[in-house]
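In: task: produce atomic coordinates for the following.
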Amino acid sequence: MAHTTGARQARKEQTRRTLLDAALRLLEWHSLNSLGLREVAREAGIAPAAFYRHFEGLDALGVALVEESFGSLRAMVQALRSQGAASDEVIRRTVDVIAAHVREHHAHFRFLARERYGGVPGVRAAIAVELDAFVQDLSGDLATQPESVGWSAEDLRVLAELYVNHVVLTAAALLDADPGHPEIEREIVATASAQLRLIALGRRHWLDTDQT
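Out: All right, here's what the predicted structure looks like:
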């Protein structure tokens, strides 16, 4: 009986995975708001009625994709959560991590970039919640760094938002880069590195003058 239950659960998980993968393929060229449930089911090779055994609707599938996609983004944000994040070496590694993850998880980042301001409220809200969680985590990490002595909690949150937004914008720029022209990616990487260096420079001198 246990073996039968385990096999059934494995099939259920496989079908769920198939639906998520099918949706990601379709979302490469379409917004979630423009997809139909039958279209996703057909792409996955299952009956439309079977869709509801895994998701309540396309909104729920979209939220699941958000959670999965942020699994990829989490590794990128980790690069910004390092001690000594102001060093040029860490900045170079950070930008390299961003570029590598965009290449490896292109479909996930395309989905997030499109749906962050898309037409499905539940998915937009899920993305906003995930991004806010990253900002909160990063704010806490920044507070432990020596460079943050004297900083207010509000200023640390602003800095964390600046880092996270930079990651998102750089990923979006890399998504639009023509893979047939690697010099475009190199230019994006160089620009992103320069921007991070400017953020780091501003951080070091934020408390140099009286903030009134």
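In: so what's residue 193 closest to, chain neighbours aside?
Out: Nearest residue to residue 193, sequence neighbours excluded (CB to CB, 6 or more residues apart in numbering): residue 95, at 5.0 Å. Just so you know, the C-beta spots here come from the backbone N, C-alpha and C atoms, and that holds for glycine as well.
In: can you tell me how far that neighbour sits from residue 49?
Out: With distances taken as CB to CB, to the nearest Å, residue 95 is found 47 Å from residue 49.
In: looking at those two, which is more packed in?
Out: Remark: of residue 95 and residue 49, residue 95 carries more neighbours, 24 against 8, as counted by other CB atoms under 10 Å.
In: can you tell me which residues contact that one?
Out: Contacts of residue 95 were listed using CB atoms under 8 Å, 6 or more residues apart in numbering, and they are 170, 189, 192, 193, 196.
In: nearest to residue 132 among those?
Out: Nearest to residue 132, judged by CB to CB, of the contacts of residue 95 is residue 170 at 19.2 Å.
In: what does the pLDDT read for residue 211?
Out: Residue 211 is assigned 55 on the pLDDT scale.
In: what is the burial count for residue 143?
Out: Residue 143: 14 surrounding residues under other CB under 10 Å.
In: tell me how the protein divides into domains.
Out: With domains defined by automatic domain parsing, the chain comprises 1-55, 57-204.
In: tell me which of these sits most buried.
Out: The highest mean neighbour count among the domains of the chain, using mean count of other CB atoms under 10 Å, belongs to domain 57-204: a mean of 17.
In: give the rounded mean pLDDT of stretch 65-82.
Out: Stretch 65-82 comes out at a mean pLDDT of 72.
In: identify all contacting residues around the helix or strand where residue 190 lies.
Out: According to DSSP states H and E, residue 190 maps onto helix 182-204. With contacts defined as CB under 8 Å, 6+ apart, helix 182-204 is touched by 85-86, 88, 91-92, 94-96, 98-99, 147, 159, 162-163, 166, 170, 173-174, 177-178.
In: can you get me the start-to-end distance on stretch 166-184?
Out: For stretch 166-184, the first-to-last residue distance is 18 Å (CA to CA, to the nearest Å).
In: ok now the helix holding residue 190, how far from the chain's centre?
Out: Distance, stretch centre to chain centre, for helix 182-204: 19 Å (CA atoms, centre = their mean, to the nearest Å).
In: can you start the count at 33 instead of 1 from here on
Out: Renumbered: residue one is now 33, and that last one reads helix 214-236.
In: avg pLDDT for that helix?
Out: Mean predicted confidence for helix 214-236 is 90.
In: please apply the same query to stretch 74-87.
Out: 92.
In: with just CA atoms, put that stretch into CSV.
Out: Backbone C-alpha positions of stretch 74-87 (Å, rounded to 0.1, in the frame of the first residue of the first chain) are rendered in CSV as follows:
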residue,chain,number,x,y,z
ARG,A,74,-2.8,21.0,-24.2
GLU,A,75,0.9,22.0,-24.1
ALA,A,76,1.3,19.7,-21.1
GLY,A,77,-0.5,16.8,-22.8
ILE,A,78,-3.2,16.4,-20.1
ALA,A,79,-6.9,16.7,-20.1
PRO,A,80,-8.1,20.2,-19.0
ALA,A,81,-10.1,18.7,-16.1
ALA,A,82,-6.9,17.2,-14.7
PHE,A,83,-5.5,20.7,-14.3
TYR,A,84,-7.6,21.3,-11.3
ARG,A,85,-6.1,18.4,-9.5
HIS,A,86,-3.0,20.4,-9.2
PHE,A,87,-4.0,24.1,-9.3
